[in-house]
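[1] Build me a model:
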Amino acid sequence: MSKVISTAKYNSEESWITLTFEDETTSQVSNDDVRRQYTDLYNKWLSEGNIPEPEFTPEELAEQARLEKVFEAKSYLASTDFYMTVDKYATLTEERKAELTQLRAEARVLINELEVTDE
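    Numbers count the residues shown, from 1 in each chain. All right, here's what the predicted structure looks like:
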């Protein structure tokens, strides 16, 4: 029994496609592999009016970007916690203290704005 493609999704860089077959199995292949291994099957699927979908919707991409910004802000706070200890903070120049204080405050504001709560 030959496989029948039900959906095809490409990643944002379009370097690979995930084929989902009617039997709910999937195959993730590069564009070159699609052309080589699944040429007839994929071309038949396309000729039937099917169009590959993006891997992620615009909403999912926006959510990924939001989560990445929160992660980066939290990582910055974690990486600079050491400087905020009493002993280490006392050794910093006034300029560095001001910079750390400002950047850490900006990171906390960003986290508070972007982090979703269950309230």
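[2] What mean pLDDT does stretch 4-13 get?
    Average pLDDT, stretch 4-13: 78.
[3] Check stretch 63-75 too.
    On average, stretch 63-75 scores 94.
[4] Could you do stretch 42-60 as well?
    83.
[5] Also stretch 20-27?
    84.
[6] mind checking the end-to-end distance for that stretch?
    7 Å (C-alpha to C-alpha, to the nearest Å).
[7] Quick check: buried residues in it?
    Residues residue 27 are the ones in stretch 20-27 that count as buried (16 or more other C-beta atoms under 10 Å). Any C-beta I mention is one placed from the backbone N, CA and C, and that applies to glycine too.
[8] starting at the chain centroid, how far to it?
    The chain centroid and the centroid of stretch 20-27 are separated by 24 Å under C-alpha atoms, centre = their mean, to the nearest Å.
[9] shift numbering so it begins at 37
    Noted, 37 is the first residue going forward, which turns the last one into stretch 56-63.
[10] what's in contact with it?
    Applying C-beta atoms under 8 Å, 6 or more residues apart in numbering, the external contacts of stretch 56-63 come out as 39, 40, 41, 42, 43, 44, 45, 54, 55, 74.
[11] What about the fourth one, how many residues nearby?
    The reference is to residue 42. The number of residues packed near residue 42 is 14, by other C-beta atoms under 10 Å.
[12] So which other helices or strands are in contact with the helix or strand harbouring residue 148?
    According to DSSP states H and E, residue 148 maps onto helix 130-150. Helix 130-150 is packed against helix 94-116, with contacts defined by 3 or more C-beta pairs under 8 Å, 6 or more residues apart in numbering; DSSP states H and E.
[13] Quick check: next helix or strand after the helix it packs on?
    helix 122-126.
[14] before we move on, back to that, run the angle between the helix holding residue 148 and helix 94-116 for me.
    Here the directions of helix 130-150 and helix 94-116 differ by 150 degrees (axes from the mean of the first three to the mean of the last three C-alpha atoms, to 10 degrees).
[15] Of the contacts of stretch 56-63, which count as buried by neighbour count?
    41, 44, 45, 54, 55, 74.
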